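**Q** Need coordinates for the below:
(2 chains)
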Protein chains: 2
Amino acid sequence: MVQNLNQLVHSVTYTIQQQDKEAFFENIKDLQKYDLTRIFIKLSSDEQEIFLEFISIPLLADLLSELDGKNQLAVIKTLDWKKVSLSVTEMNNDDLVSMLSQLGAEKSAEVLSYLDKALSADIENILAYPPETAGRIMNNQMVWINQSYTVREAVDKLKHFAELAEYLNYLYVIDDDKRLVGIVSYRELLLADMQTEIADIMQTRILKVDALMDQEEVARMIQRYDFVTIPVVDEHEKLLGIVTIDDILDVVYQEAEEDIEKFSASGKSIDFNTKPVTAAKRRLAWLILLLFIGIVSGSIIASFEETLEEVVALAFFMPMVAGMTGNTGTQSLAVVIRGLAKEKINTKQVINLLVRELKVGIYIGLTCGLLIFIIAYLWQNSLILGMVIGVSLLCTLIIGTIAGTVIPLILNKLNVDPAVASGPLITTINDILSLLIYFGIATAFLSYLM
Amino acid sequence: MVQNLNQLVHSVTYTIQQQDKEAFFENIKDLQKYDLTRIFIKLSSDEQEIFLEFISIPLLADLLSELDGKNQLAVIKTLDWKKVSLSVTEMNNDDLVSMLSQLGAEKSAEVLSYLDKALSADIENILAYPPETAGRIMNNQMVWINQSYTVREAVDKLKHFAELAEYLNYLYVIDDDKRLVGIVSYRELLLADMQTEIADIMQTRILKVDALMDQEEVARMIQRYDFVTIPVVDEHEKLLGIVTIDDILDVVYQEAEEDIEKFSASGKSIDFNTKPVTAAKRRLAWLILLLFIGIVSGSIIASFEETLEEVVALAFFMPMVAGMTGNTGTQSLAVVIRGLAKEKINTKQVINLLVRELKVGIYIGLTCGLLIFIIAYLWQNSLILGMVIGVSLLCTLIIGTIAGTVIPLILNKLNVDPAVASGPLITTINDILSLLIYFGIATAFLSYLM
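**A** Purely as a prediction, here's the structure:
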């Protein structure tokens, strides 16, 4: 992190205003591209234009890789097509793909038309993979060698690609059909005799991912195996590219954010800079749905109007019963979602989980039910009321726990992301269930309560 | 992923039962340590003992690095001290530290006593850093060179450490006081003249982290700058170690899980294998707290008993008003928690955020308030009741939105992780607020309602 970012912004701004290209470069020399980008977005649009004029094509490519969609579009509109073409060609494949996905069909097609045929074909191939798959996030910064190469030929090729050094731990070995048949580590190359054929020293038990594999699964593999890169192949085992751990880190952050978004039903992509109207619109989508479900609980209570009129004290415990049921459901939901994110589960494990949660529900229900029985009895001085509320809470906690388990499991079975069964949704469903049980039990005991 | 894990387990088991060491090694040859470990934990304890006898010290070190605390302890108890000492010495520093933290003080001290003095002093130094800091997760798999080295000396040292190749993108340059003064990339070494002094080609604008920096902050830096490693220094800039991206990936997964845990108040570390009693106990801690808060809302309703007796229809809308307030609070909470995880915010931004959320609350309140006014009016055929409920929802949604924003901000200010203001907690607090407002407004209009 550049400690003195503001200072640097001032000094860059000054050099831009002075049109002092040399001093400008002295300032931005050795800067990380993240910092370069942070400086750029703090400039006025006039200053940005001069900034874009000053910097070299490789820096322009760095800048475009780091900017968000809106700023990428602005920069591309500012540059002439020649500069766009050169800088875009310089970008890493995966950054370019991610930029084109943001630009919209028309602008994206225009940018692709500036590229040479081979590159634009490559990019279009990647764009053809569905979003959030290995194919979509892979890049081509790997070095591949034919299995018939000697160690010397491999080392020569490696040296040629030294600028990719960050991910040169492995060379990928292919056969004449471009199928991935092995890998050779940098270390194995160093230790081997120069005349040896690669096929004789390569490891053949290799891990790779299919281009259609979900990015979350790729992330789990990279994490489990402590890999820095993993090769991507098509259905014929043809080597297509590699996924690198830095992109996986972005994926994991993004997925974690999406989980919290769904879990809280807070709506997509609201951050500190989202405009109030936009944020309100995104949140209202969920809230209005939940409002109508709330009306359903209202009509349930209305249908027990007589019971409630007879024993108004029932209303005192209503929010607590509903709330507790929602809370236990949310807890179960969280356990299931976290579990499913880690492993796929089979039928036997599903049954085990249901039995476990049933037991948890019973333990929780007994504890809380007994506690509220005592409290209600002491407060309202009615044994029957205490029992009605205690038994209700016992039942609703068991059912709420099961609902919080079953609903995400069913969604998962239907290939819907279980995290869409957000906390508020489970809470609201459990509200309805708990009110039915609570007033059902109370009505049954009504004659004793009066 | 080894596709045929079960098959491999069978065949490994067979070779163990046959005491056929050669066939055993043929089976486990080239296996990733994650898979080796998965096989090991599927064996019976007798088979595990033979497995441990068969495998070499480096494989033993791999196994120990991958196992969880319980299994690590079991393995260490099985091995004689000589083998423990050798295999533990072979482990990476960071894996060893993480194992020792799990083993408990006594066993951990015993293991340390088997190590040579220099190593055990290193490890104790790392263990002295607080958990979840850069110092605690760093390792020493880096190559450092003195700035007075020539390029040739650096290359020689690099070659010597080739087995660390995975993270050899940079050499760390120190001065005579071991202070980090620069880095040299592998590529720069390749391109430089062999006689050049390192000090002349190193980059001096470097990013590093303090050993006490929180691991989440380190993770953000590595993600933003697309680094694979980052150097760790002490308060005198002395180079202590590096943090590598594979460990950061573990950190990000772990923190994401903790966020969901806190957000759902689901209690620590419940997974699919947790025993029902344990899971219930961990969940009850939260639920009982929330039960008592629920009693508070009950007593608020009780204090409005007369109002409720006069107009029972107020009860119909009570869960909806409370639920919606909880939902909007949860949404704001999620936005704030996600935002704070990304950036630190200053007072000006806090004020901007509060103003934004106030506006969001007003938009949401107006929309939902109007909607429920129409519904309540049509349903209960009372203009006044519709207005009371509409105005209540308007007010509670605004206040709920602000509460969901302010509470995590205050916690953050107090250096408490804002995610402990879990969804259920915010929901329960908003329950209470909303009931007060709802019944307050209703009581004020009571004469018109009857």
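**Q** pLDDT below threshold where in the stretch 251-400 of chain A?
**A** A:265-268 (pLDDT under 70).
**Q** Tell me where it has helices.
**A** Along the stretch 251-400 of chain A, counting by DSSP state H, counting those that start in this stretch, helices occupy A:276-303, A:305-310, A:313-342, A:347-380, A:383-413.
**Q** Can you check what angle separates the last one from helix B:276-303?
**A** Here the directions of helix A:383-413 and helix B:276-303 differ by 120 degrees (axes from the mean of the first three to the mean of the last three Cα atoms, to 10 degrees).
**Q** Does anything pack onto helix A:383-413? Which helices or strands?
**A** Judged by 3 or more Cβ pairs under 8 Å, 6 or more residues apart in numbering or on different chains; DSSP states H and E, the packing partners of helix A:383-413 are helix A:313-342, helix A:347-380, helix A:423-444, helix A:446-449. C-beta coordinates here come from the backbone N, C-alpha and C atoms, glycine included.
**Q** How about it, which residues are buried there?
**A** Neighbour counts using 16 or more other Cβ atoms under 10 Å in any protein chain shown place A:384-409, A:411-412 of helix A:383-413 among the buried residues.
**Q** So A:Glu261 is in contact with B:Ala334, correct?
**A** Yes: with contact defined as Cβ atoms under 8 Å, A:Glu261 reaches B:Ala334; the gap is 6.5 Å.
**Q** check contacts around A:Ile374.
**A** A:Gly386 (Cβ atoms under 8 Å, 6 or more residues apart in numbering or on different chains).
**Q** And A:Glu47, by the same measure?
**A** A:13, A:16-17.
**Q** roughly how far apart are it and chain B?
**A** Separation of A:Glu47 from chain B (Cβ to the nearest Cβ, to the nearest Å): 22 Å.
**Q** One more: A:Ile293?
**A** A:Ile293 is 8 Å from chain B, by Cβ to the nearest Cβ.
**Q** Now that residue: closest residue in space, sequence neighbours ignored.
**A** Nearest residue to A:Ile293 in three dimensions, chain neighbours excluded: A:Thr428, at 4.6 Å (Cβ to Cβ, 6 or more residues apart in numbering or on different chains).
**Q** about what we covered before: for the contacts of A:Glu47, which entry has the maximal number of neighbours?
**A** A:Ile16 (23 neighbours; other Cβ atoms under 10 Å in any protein chain shown).
**Q** Go ahead and confirm it touches A:Leu43.
**A** Yes: the pair A:Ile16 / A:Leu43 is scored as a contact, 7.3 Å apart, by Cβ under 8 Å.
**Q** what touches both of these two?
**A** Common contacts of A:Ile16 and A:Leu43, defined by Cβ under 8 Å, 6+ apart, comprise A:Phe51.
**Q** A:Cys395 touches A:Ile437, doesn't it?
**A** Yes: with contact defined as Cβ under 8 Å, A:Cys395 counts as touching A:Ile437 (5.1 Å).
**Q** need the strands for the stretch 101-250 of chain A, in chain order.
**A** Counting by DSSP state E, counting those that start in this stretch, the stretch 101-250 of chain A has strands at residues A:144-146, A:170-174, A:180-185, A:209-210, A:229-233, A:239-244.
**Q** give me the number of residues near the residue nearest to A:Ile293?
**A** The number of residues packed near A:Thr428 is 28, by other Cβ under 10 Å.
**Q** got TSV for the strands of the stretch 101-250 of chain A, with mean neighbour count, mean pLDDT and distance to A:Asp122 too?
**A** Below are those laid out as TSV (neighbours: other Cβ atoms under 10 Å in any protein chain shown; pLDDT from 0 to 100; distance: least, Cβ to Cβ, whole Å):
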stretch	mean neighbour count	mean pLDDT	distance to A:Asp122
strand A:144-146	19	92	14
strand A:170-174	24	91	17
strand A:180-185	20	91	18
strand A:209-210	20	96	19
strand A:229-233	24	94	13
strand A:239-244	24	93	9
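**Q** Fine, thanks again, bye for now.
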